[in-house]
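1. Here you go, sequence then predicted model.
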Amino acid sequence: MLYATLKTLHVLSIIVWIGGMVFAHFFLRPAVARLEPPVRLTLMHDVLGRFFQAVLAASLLALASGVWMLGRVAKQVVQSGGNFQMPLAWTVMAVLGVAMVAIFMHIRFALYKRLGRAVAASDWAAGGAALAQIRTWVSINLGIGVVVVVVTLMRSTS
């Protein structure tokens, strides 16, 4: 029951994270592109602030639950006398998941702060540059997230 609960929380966290990136990148960004820089950058700062709080929780929950599930499976295999070897799909998922969390931390604690300083100073050019960097790194994280989902779904079940 605990494993199923953690796996559910893990998957829901990933849905929030990847779904939010899809929404922001493909729907919100094009819709606000018509707005004047002060309005656009202030709105994006506010929206991203709320989204990044959710992603901070989701990314840490996904990381913690993933590590816990791996550890539990490894422990069960060893306790039953087996030799645990992590499947390649799990290794890819773990490595790319950690990379995604690291990229998100850069976005949240460096680039988003830069955007916040620019908005507070009404420096719209700097804000636009910061937002462009955020968009680039979110695109990279979205691409990695899609790869993780594909690897996870396409892995061999035999």
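-> Yep, that arrived. Numbering: from 1, shown residues only.

2. what about whichever helix or strand Lys75 is part of, distance to the chain center?
-> Lys75 belongs to helix 37-79 when assigned by DSSP states H and E. Relative to the chain's own centre, helix 37-79 is displaced by 6 Å; criterion: Cα atoms, centre = their mean, to the nearest Å.

3. same check, this time on stretch 101-110
-> The answer for stretch 101-110 is 9 Å, by Cα atoms, centre = their mean.

4. And the one helix or strand Leu96 maps to, what does it pack against?
-> Using DSSP H and E, Leu96 sits in helix 88-106. Contacts defined by 3 or more Cβ pairs under 8 Å, 6 or more residues apart in numbering; DSSP states H and E place helix 88-106 against helix 37-79, helix 124-154. C-beta coordinates here come from the backbone N, C-alpha and C atoms, glycine included.

5. Could you dump the ones you listed into CSV and include mean pLDDT?
-> Output for those, formatted as CSV (pLDDT from 0 to 100):
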stretch, mean pLDDT
helix 37-79, 97
helix 124-154, 97
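
6. now these as CSV including distance to Tyr3 and mean neighbour count?
-> Shown next, in CSV, are the helices and strands packed on helix 88-106 (distance: least, Cβ to Cβ, whole Å; neighbours: other Cβ atoms under 10 Å):
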stretch, distance to Tyr3, mean neighbour count
helix 37-79, 6, 16
helix 124-154, 16, 16
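
7. Measure how buried the closest residue to Leu43 other than its chain neighbours is and give me the count.
-> Leaving aside its chain neighbours, Leu43 sits nearest to Val32 (5.9 Å; criterion: Cβ to Cβ, 6 or more residues apart in numbering). Using other Cβ atoms under 10 Å, the number of residues around Val32 comes to 15.
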